[in-house]
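**Student:** all I have is the shape, not the residue letters:
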């Protein structure tokens, strides 16, 4: 499950092709069906291995191995297993300790059961057929494990996340709720381990869904909650490199050139429609910075970029573009268009006051971490220029004298 594949933008083979929201939804469904066939076998293999790791961690906890056999028992178990299965990987003492920590992290937390139930329901609602794989494992392995002591059954949803991802999550997260947030992001976006580490370091858990919006007032409850969840307070544009003093056009161009990375940063479900999308209103041509379609929200998202801090008049312009897309592009099958303004910085009070009286759903976020290109001037100083002129004149006189001899 590669995140780059899930978020790859649509490639248009001809300028004569006019892609609409129906095509975006259909091709997304086709890709998703094929992707599900690809990952099915891999998920089953991964689930079996994770089930072993879960049981191993459970045994070390439930059997109170260290109390019974001594503090070095984990190292002894490691030696015994490596001796019996010399070609197998994963039996290092460090890995066994991780198994114990993994089981303890969830099994000993009273809130785990409810949170895991909610996560499984959310994942299932997104058409990932967890129950198919989980049912097969349950029949062969009996994951209930007879509820011995503090024992907790193996969460089927974990089978969609590689082991090393689990280790990183429990090592870096402070609560079960935070950990399961990253489990869900890994499943939904097919995060690599390095990508997972990056978003944990960026504290996406506390940043996600924190954009300033009016969604709760301007969208139906279910759509409003989902829209709020997908919007970030701050977008990490560290994949972009721009010169100092860059403007909106340079920022747009850089994001278009790095559209795959930008889609990854926006999150699951975004499909790129185009940059500088032309719309004609009352005979005048207007251009939208960037236009996206969101699969889960089933709506267009107008993205306006500003290389400066938020100004109240920006909201009015974004409102105009959202209304224009609703009138000129949106089909009866699409939900209301959403506007997203991404600017260099923002003040919460200014944004909230600017939203008053606006009927269209919109949000304001900021961006950071753009890499600024250092421009090193190579021009000589006036003194250096005069010195070079003097040297050149002296060299010319010397050559002239030599030629006269």
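**Tutor:** On my side now, so go ahead. This is a predicted model, so every value here is computed, not measured. Residues are numbered from 1 along each chain as shown.

**Student:** packing partners for the lengthiest helix in the chain?
**Tutor:** The residue-count maximum for a helix in the chain (DSSP state H) belongs to helix 21-62. Counting contacts by 3 or more C-beta pairs under 8 Å, 6 or more residues apart in numbering; DSSP states H and E, helix 21-62 packs against helix 93-107, helix 130-141, helix 163-172, strand 270-281. From N, CA and C alone the C-beta is placed, and that goes for glycine too.

**Student:** weakest of these by average pLDDT?
**Tutor:** Confidence, taken as mean pLDDT, is least for helix 130-141 of the helices and strands packed on helix 21-62 (a mean of 44).

**Student:** which one of the helices and strands packed on helix 21-62 lies nearest to residue 220?
**Tutor:** Taking C-beta to C-beta, strand 270-281 is the member of these nearest to residue 220, at 20.4 Å.

**Student:** in that closest one, what counts as buried?
**Tutor:** Using 16 or more other C-beta atoms under 10 Å as the test for burial, strand 270-281 gives 270-273, 275, 277, 279.

**Student:** quick one on the thing from earlier: reformat the helices and strands packed on helix 21-62 into CSV and put distance to residue 304 next to each item.
**Tutor:** Shown next, in CSV, are these (distance: least, C-beta to C-beta, whole Å):
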stretch, distance to residue 304
helix 93-107, 42
helix 130-141, 38
helix 163-172, 34
strand 270-281, 11
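
**Student:** how far away is residue 394 from residue 384?
**Tutor:** 16 Å (C-beta to C-beta, to the nearest Å).

**Student:** repeat that for residue 215.
**Tutor:** Residue 215 sits 60 Å away from residue 384, going by C-beta to C-beta.

**Student:** so between these two, which is more surrounded?
**Tutor:** The neighbour comparison of residue 215 against residue 384 (other C-beta atoms under 10 Å) goes to residue 215, with 21 against 10.

**Student:** the more buried one contacts residue 364, doesn't it?
**Tutor:** No. Counting by C-beta atoms under 8 Å, residue 215 does not reach residue 364; the two are 11.7 Å apart.

**Student:** where's residue 115 relative to residue 188, distance?
**Tutor:** For residue 115, the distance to residue 188 - C-beta to C-beta - is 16 Å.

**Student:** same question, residue 383
**Tutor:** Going from residue 383 to residue 188 by C-beta to C-beta gives 62 Å.

**Student:** what of residue 34?
**Tutor:** 17 Å.

**Student:** who has more neighbours, these two?
**Tutor:** Per other C-beta under 10 Å, whichever of residue 34 and residue 188 has more neighbours is residue 188, with 20 against 10.

**Student:** work out for me the element the closest residue to the more buried one other than its chain neighbours sits within.
**Tutor:** Computed as C-beta to C-beta, 6 or more residues apart in numbering, the closest residue to residue 188 that is not its neighbour in sequence is residue 268, at 4.8 Å. Residue 268 belongs to no helix or strand when assigned by DSSP states H and E.

**Student:** residue 268: neighbour count?
**Tutor:** Residue 268 has 20 neighbouring residues, counting by other C-beta under 10 Å.
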